[in-house]
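Engineer: structure, please.
(2 chains)
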Amino acid sequence: MLGAVAVELKGVVKRYHEILAVNQLDLTINTGEIFGLLGPNGSGKSTTLKMLMGLVTPDSGSITVLGKDVQKDPVAVKKLVGYVPESPRLYEFLTGIEYLDFIGDIYGMQTEEKKSRITEYLKAFQLEGREGDMITSYSDGMKQKIALISAFLHRPKLLILDEPLSALDPRSARIVKDFLQELKAQGVTAIMSTHVLEIAQAICDRIGIMYQGKLLALGNMKELRQMSKLPDSGLEDIFLKLTGTGDTRAIVEELLK
Amino acid sequence: MNWKNVLSLMQVDRKSGRLIRGQKVTRYHENRFLAYWPYWVALAIGVAVGLLARLAYNSFAATDPSSVGSFRDGALSVFASLPTLVVIYSFIFTLLQQVQRSGVRAASQVPYWLPVTWQEHTLASILASLFGLPLASVVLIAAALVVFSPFIGLVVPAVAASLAVFAAAFMASATTEVFRILQVRFIGAVYKSTGRAAVWVRFVGSLLLFLVFYIIYFYVIYGAGAVNFIQTVASVQSAAWFVPFVWLGLALLYSFTSGELLVGLVFMVVSILFIVGLFLLATSLNRRFGLYEPPAITVSRGVYAPKTGMLGRLGFSSTEAALIRKDLKAFTRRRELMTIFIFPIIIILVPLIQTLGTTGQAPPIEASAYLTAFTFLFPAAIMAIMLGNFMIGEEGQAVWRIYASPISARSLVKSKYFFIVLFSLIILAITGAVGTIIYQPSLRSIIISSLEGVFIVFALGALSLSNGIGGADFTETPRPRMIRQSTSLINLIACLVAGVAILAPFIPYMLSSTLSTFMPSLSIPVFLDPYTATAISAVIAIVLTVIFYRVSLNSARELLRKAEI
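Structural biologist: Residues are numbered from 1 along each chain as shown, chains lettered A, B, ... in the order given. Here you go, the predicted structure:
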């Protein structure tokens, strides 16, 4: 159900002092697409996602999210977006259910709708029985589940997920993957960064590979294979070849000395 | 004991407190001289104090040579009091600091999975607590003593006192370490067993803890009719010779004042043994209970039933109401925020202790008018200032939630400002009621003091919020900072000026009543009746409130635009 443009970045540059985090990034993501953003550590993925959310201001270039300028109308954009940052810090003095209740109110959800969705999500992510505990006592995986639920709760049109499956147990990870596919069928766009290449390969319609702030490659699996001239390879080999980080054998041997 | 490990751990702990929002953290380089500025400042002040004492001594010796002996005796008495004084305030300071440290840090302490022994970890923790104000005080005292002592021939007692104050600060810090671990162990157990009530156990328990220590502190410094607190400390430590915390002071007292060197030596040896004992106890407790896991406090087990609440009926949007409810929970559940509620109680109790302690009876009627105004205005003002300062910074690292949510600057400021005003007015009502009962002022005084309290709350709340947004510090380790120190200081001065401006129409009354008490022949004309003065005061407060509310809105827009953590 691919349609109109959901996200558009044109000539985006972001610099942190001497470090060029994102360098002249042009990218268009369509409605109903699951887009994977890959890249080694420090390649500019998280900065790009934060810029889409309006959490980081680009030095130059323009960003449009769901037809709106993020810098000009950030509140309108945020209403339509669900966001999970990398290592989300939650309000640890609230209980799980209080946190989700807070999120529902922030997004202006109706009371009954909020109640039914929170109950459904808590059940789906097996948090029933712990929802009344303060978040400070949750494991990392449980906190990640709360962060994911808070992104899904208000049924956003766009999901921006930075490492969404980190710390999740296999069942919950499977639920998230299947859920994203279902949302896609309903026209929801999802942009996710991940280091788990199997997941990206399995669920993403298109993948962008970033390296040193630049978009090295962009396309579906077939197109990426053609670009890398690795016709029968998986995403891992393609990724390592394109980012020039593939010569791992020599490094391991060096470390073993 | 690997001293390198101890030094590294201690440095990491202290360094984490120096990184604040807005600093350049990529390719971070710290200026060592500036990083240790409190100690340089303490050193400079200490030298200045020492030089002033020398000047005082010189003028004494020049005018009345016979007073030199009594001056020396007085100096020795001060030297002997210093260790006990340092123990008391270092203990309170380090304990407050520990209580305010975030649980997150405790749960992720690197020493738990690095090859560091419990002795090294404990010693580093004690020394890290010692840094900051306690060590700066030690530097100040030692510098003053060293500069002053050669001129009156008290070099040896001064050096001994300098070493003793350092030992006293270490003793206090080690005691705090013991308390910290016991708190982790036993309070954690209480929380686990009390379920929902744990929230209130924590709230009331923390308030009581602070209350007890503050009262002890103020009692020692100002209490029991102590015009000269040195005399109090000297008499207290002699009477309480069986308490190990005064042994360092007694060692100095017997060695240099009484001339009983052997007794002094005995107290010094037992002091050292006590410090070693404290360290061993802290190490042993750390080994046994040190691994901290936050207890799972279950607040609710029933069926989830979202509340609509009355905030909506008061005109708040669901976003604003959610923020207010969240902040209410934060201030009743987070230990470092609960401390705010202790200050209004202390502010009422301290003058009461002082007044009743000094005279043993109710204050005279002239003082009563001032104490009434003080009780009405000061706690509410302090509450508005503190809440205004902390309301944004208290979000900590979770502030991304505000940035990423569809919250406008207007909603953010409205909800935060409402919280500040609401709680400050509650404090005004409580302290006003207490002031009315204790000092029994006239109805006119009650009405005017209440109105002035409301004006102060609105104006200082808006002013402090504007500074709280601009100077928010979201650092959480080793303890939540909430506001930059420099902004906090600037805000305090600005609030003082604003407060004086609001109360300015009453200055003729204050002058008139004060001077007529002391100089009945002098009459100051009072050209405004009290209600006109109140009306003028209201106009000043409204102007300040509108200005600083707008400044807050602009600062909030900037905060949300920058989205800086």
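Engineer: mind listing the strands for chain A?
Structural biologist: With DSSP state E as the criterion, chain A has strands at A:5-16, A:19-30, A:34-38, A:60-65, A:68-69, A:81-84, A:158-162, A:189-193, A:206-211, A:214-219.
Engineer: same for the third one, what does it pack against?
Structural biologist: Same thing as strand A:34-38. Contacting strand A:34-38 under the criterion 3 or more C-beta pairs under 8 Å, 6 or more residues apart in numbering or on different chains; DSSP states H and E are the following elements: helix A:45-53, helix A:170-185, strand A:189-193, helix A:197-203, strand A:206-211. From N, CA and C alone the C-beta is placed, and that goes for glycine too.
Engineer: closest to chain B out of these?
Structural biologist: Counting by C-beta to the nearest C-beta, chain B lies closest to helix A:45-53 out of those; the figure is 5.7 Å.
Engineer: strand A:206-211 and that closest one, what's the angle between them?
Structural biologist: 120 degrees (axes from the mean of the first three to the mean of the last three C-alpha atoms, to 10 degrees).
Engineer: any buried residues in helix A:45-53, and which?
Structural biologist: For helix A:45-53, the neighbour count (16 or more other C-beta atoms under 10 Å in any protein chain shown) marks A:45-53 as buried.
Engineer: next: stretch B:306-322.
Structural biologist: Across stretch B:306-322, burial judged by 16+ other C-beta under 10 Å covers B:306, B:311, B:316-322.
Engineer: those residues: which ones sit near chain A?
Structural biologist: Applying C-beta under 8 Å from any C-beta of the partner chain, the subset of the buried residues of stretch B:306-322 adjacent to chain A comprises B:306, B:317-319, B:321-322.
Engineer: which of those residues sits closest to residue A:87?
Structural biologist: For those, the minimum distance to residue A:87 (C-beta to C-beta) is 23.5 Å, reached by residue B:322.
Engineer: pretty sure the closest one is in a strand, no?
Structural biologist: No. Assessed by DSSP: H, G, I helix; E, B strand; the rest coil, residue B:322 does not belong to a strand; its assignment is helix.
Engineer: that one touches residue A:102, doesn't it?
Structural biologist: Yes. Here residue B:322 reaches residue A:102: they are 5.0 Å apart, a contact under C-beta atoms under 8 Å.
Engineer: among the strands of chain A, which comes closest to residue B:452?
Structural biologist: Using C-beta to C-beta, the nearest of those to residue B:452 is strand A:81-84, at 45.8 Å.
Engineer: what packs against that closest one?
Structural biologist: Secondary-structure packing of strand A:81-84 (3+ C-beta pairs under 8 Å, 6+ apart): helix A:45-53, helix A:140-152, strand A:158-162.
Engineer: wait, does the last one make contact with chain B?
Structural biologist: Read that as strand A:158-162. No. Judged by C-beta under 8 Å from any C-beta, strand A:158-162 and chain B are separated, with a smallest distance of 8.9 Å.
Engineer: now do the contacts for residue A:201.
Structural biologist: By C-beta atoms under 8 Å, 6 or more residues apart in numbering or on different chains, residue A:201 lies in contact with A:207, A:221, A:234-235.
Engineer: and the furthest pair within the residues you listed?
Structural biologist: A:207 and A:234 (12.0 Å).
Engineer: more crowded one of those two?
Structural biologist: residue A:207 (24 against 13; other C-beta atoms under 10 Å in any protein chain shown).
Engineer: ok, back up a step: can I get the strands of chain A in TSV with mean pLDDT?
Structural biologist: Putting the strands of chain A into TSV (pLDDT from 0 to 100) gives the following:
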stretch	mean pLDDT
strand A:5-16	94
strand A:19-30	94
strand A:34-38	96
strand A:60-65	94
strand A:68-69	92
strand A:81-84	96
strand A:158-162	96
strand A:189-193	96
strand A:206-211	94
strand A:214-219	93
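Engineer: okay, and the beta partners of the residue nearest the centre of chain A?
Structural biologist: Central residue of chain A (C-alpha atoms, centre = their mean): residue A:161, 2.1 Å from the mean position. Beta-bridge partners of residue A:161, counted by DSSP bridges, are residue A:84, residue A:192.
Engineer: leaving out chain neighbours, which residue sits closest to residue A:66?
Structural biologist: Once flanking residues are discounted, residue A:66 sits nearest to residue A:80: 5.3 Å by C-beta to C-beta, 6 or more residues apart in numbering or on different chains.
Engineer: any idea how far the one you found lies from residue B:242?
Structural biologist: For residue A:80, the distance to residue B:242 equals 71 Å [C-beta to C-beta, to the nearest Å].
Engineer: the more surrounded of those two?
Structural biologist: residue A:80 (18 against 7).
Engineer: any weak-confidence spans in chain A?
Structural biologist: Residue ranges of chain A with pLDDT under 70: A:1-3.
Engineer: ok, residue 93 - contacts?
Structural biologist: All of this refers to chain A. By C-beta under 8 Å, 6+ apart, the contact list for residue A:93 reads A:134-136, B:329-330, B:333-334.
Engineer: my bad, the chain I had in mind was chain B
Structural biologist: Residue B:93 neighbours (C-beta under 8 Å, 6+ apart): B:132-134.
Engineer: in helices, which of the residues you listed fall?
Structural biologist: Among these, the members falling in helices are B:133-134 (criterion: DSSP state H).
Engineer: of the contacts of residue B:93, which is the most crowded?
Structural biologist: residue B:134 leads these on contacts (other C-beta under 10 Å) with 26 neighbours.
Engineer: flag every residue of the stretch 351-500 of chain B that's near chain A.
Structural biologist: Near chain A, when you scan the stretch 351-500 of chain B using C-beta under 8 Å from any C-beta, you find B:396-398, B:400-401, B:403-408.
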